[in-house]
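Visitor: Sequence and predicted model, in that order:
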Amino acid sequence: HKIDVYVSSFKPMKHQLTGRDERSFLKMIVDQDSDRVLGLHMMGLDAPEIIQGFAMAINMGATKTDFDRTMAIHPTSAEEFVLMRTKRD
């Protein structure tokens with residue numbers, strides 16, 4: 001597979017208010033030919049619950065375009081997966 005890797009690193013909004021210095025890191029791996037999302041990685045607050053929520057979509061063959069067309073729920077950390085635009089070199 002030739003892949004594109006999208007990444008996002010940010011300080012969750014709840015930590016903006018509390019002053020805690022915790023950050024979250026998200027990564028999406030996409031097949032270049034089919035646009036299919038091959039995997040998601042996340043480190044940060046609520047990562048297990050957020051990743052589990054996307055597992056069904058990935059198992060059903062969701063594409064990056066499908067993620068891009070999804071309405072982001074704001075303010076949540078999960079919204080980053082449907083707003084990812086930054087490709088890693």
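Guide: Looks like it arrived, so ask away. In this text the structure is predicted, and so the values were computed from the model without any measurement.
Visitor: can you give me the strands in this structure?
Guide: Remark: strands assigned in the chain by DSSP state E are 3-10, 24-31, 37-43, 87-88.
Visitor: Now do the first one against strand 24-31, angle only.
Guide: Put plainly, it is strand 3-10. Here the directions of strand 3-10 and strand 24-31 differ by 170 degrees (axes from the mean of the first three to the mean of the last three Cα atoms, to 10 degrees).
Visitor: can I get the CA coordinates of strand 3-10 in PDB?
Guide: Taking C-alpha atoms only, strand 3-10 is exported to PDB below (Å, rounded to 0.1, in the frame of the first residue of the first chain):
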ATOM      1  CA  ILE A   3      -0.400   5.600   2.200                       C
ATOM      2  CA  ASP A   4      -1.100   9.100   3.400                       C
ATOM      3  CA  VAL A   5      -0.700   9.800   7.100                       C
ATOM      4  CA  TYR A   6      -2.800  12.600   8.600                       C
ATOM      5  CA  VAL A   7      -1.900  13.900  12.000                       C
ATOM      6  CA  SER A   8      -3.200  16.300  14.600                       C
ATOM      7  CA  SER A   9      -1.900  17.400  18.000                       C
ATOM      8  CA  PHE A  10      -3.800  19.800  20.300                       C
END
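Visitor: got a list of contacts for stretch 9-26?
Guide: For stretch 9-26, the external contacting residues (Cβ atoms under 8 Å, 6 or more residues apart in numbering) are 7-8, 40-45, 47, 75, 77, 80-81, 84. All C-beta spots, glycine's among them, are computed from the backbone N, C-alpha and C.
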